[in-house]
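Structural data only, the sequence is not supplied:
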């Protein structure tokens, strides 16, 4: 069981502002703890199963944040964007305040499963190829996908900036012009460049799965949800 900590510190850790501002939220009767109005920012609270309500909005306490986000098109995975709005603009402000980062990036026009966290070790684990965690992309192409192209992707293709070949660890033809491809790396524009290397190109790209964790069917574009221990376990499972 986690050691109780002050309500002010809890609110600060969750991204609700400076410690002074968090204390003022309590004094202004804007914070409930497990459904009960709080009046003392120094009150020590047990964090196990803690549910806050801040300014009328419910908030689950998480020491470290792990969320799944369904990225819509035309958003950039960056705090400092160039031509398109940021995915962070679609998230609650406490997430930005506490420094959440995308776990790897999806191109602005790519849709699908995006992980976001403030746990540096988790981010490293999920992005290093050494962990062999597959990412499944659904690819739509303007030209028919051939068995020869799929075979080439499995055997490996060389991209123009690196003599080391890129491999698809799995390819499944979904229709004449769509393919599910699994990779464990995350090089710049890798999937698009791999398809170009075999004589086709990507018309639409969607990430549907990481490890054994699939995009929830009821998670709409632009929405997010917390990841729990069982979800994190699935994310770490190899799908080779």
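Alright, I've got the coordinates. Everything numeric in this text was worked out from a predicted model, so none of it was measured.

packing partners for the lowest-mean-pLDDT helix or strand in the chain?
The helix or strand with the lowest mean pLDDT-type score in the chain, counting by mean pLDDT, DSSP states H and E, is strand 162-166 (a mean of 84). Under the contact definition 3 or more CB pairs under 8 Å, 6 or more residues apart in numbering; DSSP states H and E, strand 162-166 sits against strand 157-159, helix 190-197. Quick note: C-beta positions are derived from backbone N, CA and C, even for glycine.

Residue 90 is nearest to which of the ones you listed?
When the helices and strands packed on strand 162-166 are ranked by distance to residue 90, counting by CB to CB, first place goes to helix 190-197 at 23.2 Å.

between the next helix-or-strand element following that closest one and helix 190-197, how big is the angle?
Scanning forward in sequence from helix 190-197, with DSSP states H and E defining helices and strands, the next element found is strand 204-210. Going by axes from the mean of the first three to the mean of the last three CA atoms, to 10 degrees, strand 204-210 is angled at 130 degrees with respect to helix 190-197.

ok, and the closest non-adjacent residue to residue 211?
Computed as CB to CB, 6 or more residues apart in numbering, the closest residue to residue 211 that is not its neighbour in sequence is residue 235, at 4.4 Å.

what's around that neighbour, how many residues?
When neighbours are counted by other CB atoms under 10 Å, residue 235 registers 22.

Kindly report the same for residue 180.
Counted by other CB under 10 Å, the residues lying close to residue 180 total 17.

Excluding covalently adjacent residues, which one is nearest to it?
Computed as CB to CB, 6+ apart, the closest residue to residue 180 that is not its neighbour in sequence is residue 172, at 4.4 Å.

With residue 55 as the reference, measure out to that neighbour.
Taking CB to CB, to the nearest Å as the measure, residue 172 and residue 55 are separated by 47 Å.

One more: residue 13?
Taken as CB to CB, the spacing of residue 13 relative to residue 55 amounts to 17 Å.

neighbour-wise, which of the two wins?
Taking other CB under 10 Å, residue 13 and residue 55 do not tie; residue 13 has more neighbours (18 against 10).

Tell me how many other residues surround the nearest residue to residue 6 once chain neighbours are set aside.
Counting by CB to CB, 6+ apart, the nearest residue to residue 6 once its immediate chain neighbours are dropped is residue 42, at 5.2 Å. With neighbours defined by other CB under 10 Å, the count for residue 42 comes to 10.

Residue 42 and residue 10 touch, don't they?
No. Contact status for residue 42 versus residue 10: not in contact, 11.2 Å apart, counting by CB atoms under 8 Å.

What residues sit buried inside stretch 47-59?
Neighbour-count burial for stretch 47-59, counted by 16 or more other CB atoms under 10 Å, picks out 50, 52, 53, 54, 59.

Can you pick out the most distant pair from those residues?
For these, with distances taken as CB to CB, the pair at the greatest spread is 50 and 54 (12.1 Å).

quick one: contacts for residue 33?
7, 45, 50, 51, 52 (CB atoms under 8 Å, 6 or more residues apart in numbering).

which residue packs closest to the most centrally placed residue in the chain, ignoring adjacent ones?
Nearest to the mean C-alpha position of the chain, by CA atoms, centre = their mean, lies residue 115 at 1.1 Å. Spatial nearest neighbour of residue 115, excluding adjacent residues (CB to CB, 6+ apart): residue 103 at 3.8 Å.

show me what contacts residue 79?
Going by CB under 8 Å, 6+ apart, residue 79 touches 86, 88, 96.
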